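>>> missing the sequence, but the structure's below:
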C-alpha cells in the first residue's frame, strides 16, 4: 500500500469523496482510501501489534465497512478522517 498523504495531514477532498460515496458513487472509495490509508494503516498496525499481514487484512475489512456505512457519514457531524478511523477501529 503506497502512502497517499504526509503523516498527520488530512486530504481536503476526503470529505467530498465520502459524501460522493454516501451518494452511491462507488468509484469514490478509491479517493477515500487514498486520503486515509496512511492513518488507517497506523491504526491497524497498532491494533495488530505491528503484524503487517494482519494489519492489511484488517484494512481490507475496514474499507469494506467504510463503503457499507458511507451513507451514515454526512449526518454524523464528524470530520472525514476521524469518521473513517472510527469505522476502522470497530472492525
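Now that the structure is in, tell me what you want to look at. Values in this document were obtained by computation on a predicted structure and should not be read as measured data. Numbering: from 1, shown residues only.

>>> which residues of the chain score low on pLDDT?
Judged against pLDDT under 70, the low-scoring parts of the chain cover residues 1-12.

>>> which helices and strands does the helix ranked longest in the chain pack with?
Longest helix in the chain, counting residues (DSSP state H): helix 28-47. The elements that helix 28-47 packs onto, with contact taken as 3 or more CB pairs under 8 Å, 6 or more residues apart in numbering; DSSP states H and E, are helix 14-22, helix 52-69, helix 80-89. C-betas here are computed from N, CA, C, even on glycine.

>>> what helix or strand does residue 74 sit in?
Using DSSP states H and E, residue 74 maps to helix 73-76.

>>> contacts for that helix next, please.
Residues outside helix 73-76 that contact it (CB atoms under 8 Å, 6 or more residues apart in numbering) are 18, 19, 21, 22, 80, 83.

>>> burial of the third one, as a residue count?
Each residue near residue 21 was counted by other CB atoms under 10 Å, and the total is 22.

>>> how much space between it and residue 83?
Look at residue 21 and residue 83: by CB to CB, to the nearest Å, they are 11 Å apart.

>>> ok, residue 75 next?
11 Å.

>>> higher neighbour count, these two?
Set residue 75 next to residue 83 and count neighbours by other CB under 10 Å: residue 83 wins out with 22 against 8.

>>> OK, contacts around residue 66?
Residue 66 touches 21, 29, 32, 84, 87, 88, counting by CB under 8 Å, 6+ apart.

>>> try it again with 6 Å
84, 87 (CB atoms under 6 Å, 6 or more residues apart in numbering).

>>> and residue 62, by the same measure?
88, 91.

>>> how about 10 Å then?
The contact partners of residue 62, by CB atoms under 10 Å, 6 or more residues apart in numbering, come to 33, 36-37, 40-41, 43-44, 55, 84-85, 87-91.

>>> of the residues you listed, buried ones?
33, 36, 37, 40, 41, 43, 44, 55, 84, 85, 87, 88 (16 or more other CB atoms under 10 Å).
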